[in-house]
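1. please find the sequence and the predicted model below.
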Amino acid sequence: MGISSEILRLKEELPSTVKLVAVSKFNPAEAIQEAYDAGQRIFAESRPQEMQQKVAVLPSDIQWHFIGHLQTNKLKMVLPYVSLVHSVDSERLLSEISKYAVKNGLNIRCLLEVFIAQEESKQGFSEEELFDLLARFSAAPLPGVEICGLMGMASFTDDQEQIRDEFARLKGIFDRARDKYVSTLPGFSELSMGMSGDYKIAVGYGSTMVRIGTTIFGARNYNK
């Protein structure tokens, strides 16, 4: 199936409560335009310079999401253009985002990345670190930053029971955080989990955003 066909198929398949985030990293602007023409409006990038180049040539009503590890020295290449940062994985990064947002008159919507996988290469907050941060943020919010929910990546494995366990754990963390801070974090409503290989499982565990790239665009050329 082509890009347009996959977009239409996914939109028919996914519940209305789940947003489709098309992971367009490493794919050319022409491919993104084809997905856009099929009705897709949310695209995700992970490399600041690549995202900047695409923003310059693609339609202005695209909602860009950033899903990669965001370095503090690259904020100016990302934050002016994105509607959501999925991958806030440290308190220092959140603080630097706040400083940049205040300086530039922005409000940056963020998801906090939670470490749920068994792979050390994955990043994110532990459950204890997350609730510690949320407690302090709720008491003294950082200006220019809105915490909108959580993001997580399951282990890269064929063991579907393990993936289910990890998504179930993240959903449990999300529910507890939302219930505890409903009055101080009113925008805390998004749970970003699920990719091309496991999005169906993620949807079953309450994901509100699935990040799908290979299924839409095919295998990526990482050398480009």
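-> Right, received. Where do you want to start?
2. please count neighbours and contacts with C-alpha atoms only from this point.
-> Noted.
3. any idea which residue sits dead centre in the chain?
-> Geometric centre of the chain, nearest residue: His86, 3.2 Å, by CA atoms, centre = their mean.
4. any idea how far Glu45 is from that one?
-> For His86, the distance to Glu45 equals 10 Å [CA to CA, to the nearest Å].
5. what sits in contact with each of the two?
-> Residues touching both His86 and Glu45 (CA atoms under 8 Å, 6 or more residues apart in numbering): 65-68.
6. neighbours around Tyr205, how many?
-> 21 (other CA atoms under 10 Å).
7. per-residue confidence, it, what does it come out as?
-> pLDDT for Tyr205: 98.
8. what's it sitting at in phi/psi?
-> phi -110, psi 20 (degrees, to the nearest 10).
9. got it, and the one 3 residues further on?
-> Its backbone dihedrals place Thr208 at phi -110, psi -10, with angles given as degrees, to the nearest 10.
10. right, and it touches Phe188 too?
-> No. Contact criterion CA atoms under 8 Å: Thr208 and Phe188 do not qualify, at 11.7 Å.
11. picking that back up, state the pair within the shared contacts of His86 and Glu45 that is farthest apart.
-> His65 and Gly68 (9.5 Å; CA to CA).
12. compare the two (neighbour count), which wins?
-> His65 (26 against 16).
13. how close does the more buried one get to Ile108?
-> 11 Å.
14. need the overlap of contacts for those two.
-> With CA under 8 Å, 6+ apart as the test, His65 and Ile108 both reach 83-85.
15. any of these buried? List them.
-> Neighbour-count burial (16 or more other CA atoms under 10 Å) applied to the shared contacts of His65 and Ile108 gives 83-85.
16. taking those residues one by one, which sit in helices?
-> In helices, defined here by DSSP state H, there are no members of these.
17. quick revisit: go through the shared contacts of His65 and Ile108 and name the one nearest Cys148.
-> Leu84 (8.8 Å).
18. re the thing from before, quick one: common contacting residues for His65 and Gly68?
-> Common neighbours of His65 and Gly68 (CA under 8 Å, 6+ apart) are 45, 86.
19. so where is the chain shaky, pLDDT-wise?
-> 120-121, 220-224 (pLDDT under 70).
20. contacts for the biggest helix by length in the chain?
-> Looking across the chain with DSSP H, the single longest helix is helix 160-180. For helix 160-180, the external contacting residues (CA under 8 Å, 6+ apart) are 114, 116-117, 127, 131, 134, 149-150, 152, 154-155, 157, 185, 188-189, 191, 193, 198, 201-202, 205-207.
21. of those, select the buried ones using a ChimeraX command.
-> The ChimeraX selection below is limited to those of these classed as buried (16+ other CA under 10 Å):
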select :114,116,117,131,134,149,150,152,154,155,185,188,189,191,193,198,201,202,205,206,207
